[in-house]
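# turn this into a model:
(chains A and B)
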Amino acid sequence: IAGITQAPTSQILAAGRRMTLRCTQDMRHNAMYWYRQDLGLGLRLIHYSNTAGTTGKGEVPDGYSVSRANTDDFPLTLASAVPSQTSVYFCASSELAGDQETQYFGPGTRLLVL
Amino acid sequence: AQTVTQSQPEMSVQEAETVTLSCTYDTSESDYYLFWYKQPPSRQMILVIRQEAYKQQNATENRFSVNFQKAAKSFSLKISDSQLGDAAMYFCAYRGTTSGTYKYIFGTGTRLKVLA
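Numbering: from 1, shown residues only, chains lettered A, B, ... in the order given. Below is the predicted model:
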């Protein structure tokens, strides 16, 4: 059981380049999320998806886009990377399940934009 | 909008002692979930404990327990018999139950150091 996988693990990217961070879950969860983690700021929500075919903006969506063509995959795209997008990116998923309500996280992608 | 505040950027505890991490939140909702997540140096986010707002009983998971004060909007985490493996960043998180979204809001985290 893999849970949530993210690729790549880390990446160095030149400013202005396009980059897609991949996220795949095998738990058949309806909801998926992308966060960025920066020192002193905790985890901030970039985009989310309640179910396949729908997406929504989080707290810091500018410069990022997402798609949710199916239940398992939720890629995050940086159309034209800027140095302020240097961060650790976490993908997560959850299922509304009462007593078992839990958000599961991937291992993260460390991105450095130069 | 909901907010989550962790006012202690860093805490230290002696091995085998007890430590309490603070978390306050702001919401107008009456039903919601609260969580504590642990992030060790491996970077993996691990669920420590979950509390549902409609349950008055404080959640407990082995050495981890919470003090949930709904009226005060406070959700502190107590770690008893602290172990070296407890050293990590701890994040408090909130998830509301209205508006049909599953969005979580995280605090800025508390770094816990465990001293041998």
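# show me what from chain B comes close to chain A.
Within chain B, the positions adjacent to chain A are B:6, B:9, B:33, B:35, B:43-45, B:47, B:50, B:52, B:91, B:93, B:95, B:100-109 by CB under 8 Å from any CB of the partner chain. For the C-beta atoms, the positions are set from N, CA and C on the backbone; glycine is no exception.
# among those residues, which ones are buried?
B:6, B:33, B:35, B:45, B:47, B:50, B:52, B:91, B:93, B:95, B:102-109 (16 or more other CB atoms under 10 Å in any protein chain shown).
# A:G56 contacts A:W34, correct?
No: in this structure, A:G56 sits apart from A:W34 without contact. The criterion is CB atoms under 8 Å, and the distance is 11.1 Å.
# grab the most central residue of the chain for me.
Just going to use chain A. Centroid-nearest residue in chain A, with CA atoms, centre = their mean: A:W34, separated by 2.7 Å.
# you answered for a different chain; I wanted chain B.
Most central residue of chain B, judged by C-alpha distance to the mean C-alpha position with CA atoms, centre = their mean, is B:W36 at 3.2 Å.
# which residues touch the host helix or strand of that one?
Under the criterion DSSP states H and E, the helix or strand holding B:W36 is strand B:32-39. For strand B:32-39, contacts defined as CB atoms under 8 Å, 6 or more residues apart in numbering or on different chains pick out A:101-103, B:21, B:23, B:25, B:45-53, B:64, B:66, B:68, B:75, B:77, B:86, B:88-97, B:104, B:106, B:109.
# and that strand, how far out from the chain's middle?
Offset of strand B:32-39 from its chain centre (CA atoms, centre = their mean, to the nearest Å): 5 Å.
# neighbouring strands for that strand, and are they parallel or not?
Strand B:32-39 has the following strand partners under DSSP bridges: strand B:46-52 (antiparallel), strand B:88-96 (antiparallel).
# can you add mean pLDDT and give these back as JSON lines?
Supplementary listing: the strands paired with strand B:32-39 in JSON lines, determined by pLDDT from 0 to 100:
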{"stretch": "strand B:46-52", "mean pLDDT": "92"}
{"stretch": "strand B:88-96", "mean pLDDT": "94"}
